[in-house]
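Kindly return the folded structure for what I paste below:
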Amino acid sequence: MLKEKMEELREKLYFLITEKAEYNQILKVSQELDNCINEFTHRMPYDINSKIIKKLHKNKPNKSKIQTY
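Prediction:
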């Protein structure tokens, strides 16, 4: 349900931007979408979050391997 709401808000935001709607309308939808995204990420199980974080740290470039010129 949350994913569907986020998709709907994303489409609405895209429409408002392409139709050059008023700033306040765009801001309102944007904030609503932000809230949904935050809620969605907080609902993610801990295991998934920790796997994502581990993967990000794993892919972080090693400073000793970075060459400077």
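
so where's the longest helix in the chain?
Taking DSSP state H as the criterion, the chain has its longest helix at helix 23-43.

Can you tell me what sits against it?
Helix 23-43 is contacted by residues 2-3, 5-6, 9-10, 12-13, 16-17 when judged by CB atoms under 8 Å, 6 or more residues apart in numbering. For the C-beta atoms, the positions are set from N, CA and C on the backbone; glycine is no exception.

Now, of these, which are buried?
Buried subset of the contacts of helix 23-43 (neighbour count, 16 or more other CB atoms under 10 Å): 6, 9, 12-13, 16.

In helices, which of these fall?
Counted as lying in helices by DSSP H, out of the buried ones among the contacts of helix 23-43, are 6, 9, 12-13, 16.

now, the most widely separated pair of these?
The span of those, defined through CB to CB, is set by Met6 and Leu16 at 15.5 Å.

which intervals of the chain have sub-threshold pLDDT?
By pLDDT under 70, the low-scoring segments of the chain are 2, 43-69.

Mind listing what's buried along the longest helix of the chain?
Within helix 23-43, the residues that count as buried by 16+ other CB under 10 Å are 26, 29, 33, 36.

any idea how far Lys12 is from the last one?
Using CB to CB, to the nearest Å, Cys36 is found at 12 Å from Lys12.

and if you look at Lys5?
According to CB to CB, Lys5 and Lys12 sit 10 Å apart.

ok, now Lys20?
Per CB to CB, Lys20 is found 14 Å from Lys12.

Could you do Asn35 as well?
Remark: distance between Asn35 and Lys12 (CB to CB) = 14 Å.

can you check Leu27 too?
Leu27 sits 13 Å away from Lys12, taking CB to CB as the criterion.
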